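Engineer: this one's structure only:
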Ligand SMILES: [Zn+2]
């Protein structure tokens, strides 16, 4: 296959071009990793329910929020949006963010012997 950004040949079914780093959309459509339904810890307005659903369904989070607000304003029978949000908030686990550990500061030459004043 060929990179969609730089046009150079890369390994078939690559998610990213290893020459320019561009994400390969055809590979993304071909390989969709199984995602667990979780409330988003980074993309949220209230509790991350719409952000988590959008990530799980691979949709735009804003679109999911708009549909949810429309369901709140114009309720469809048997789709209680407000109650559904709270049920999702309680039932769907929150996404675990990766923990970043600060790398030790690079020691300057002679820093090992430096004494604080
Ligand atoms: Zn490329």
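Structural biologist: Arrived safely, thanks for sending. These figures come from a predicted structure and were not determined experimentally.

Engineer: could you report the distance from the nearest residue to residue 97 once chain neighbours are set aside to residue 85?
Structural biologist: Leaving aside its chain neighbours, residue 97 sits nearest to residue 41 (5.1 Å; criterion: C-beta to C-beta, 6 or more residues apart in numbering). Every C-beta, even on glycine, is put in place using the N, C-alpha and C of the backbone. Separation of residue 41 from residue 85 (C-beta to C-beta, to the nearest Å): 17 Å.

Engineer: these two: which is more packed in?
Structural biologist: Taking other C-beta atoms under 10 Å, residue 41 and residue 85 do not tie; residue 85 has more neighbours (17 against 13).

Engineer: correct me, but that one touches residue 46?
Structural biologist: Yes - counting by C-beta atoms under 8 Å, residue 46 is a contact partner of residue 85 at 7.5 Å.

Engineer: A strand includes residue 50, no?
Structural biologist: No - applying DSSP: H, G, I helix; E, B strand; the rest coil, one finds residue 50 to be helix, outside a strand.
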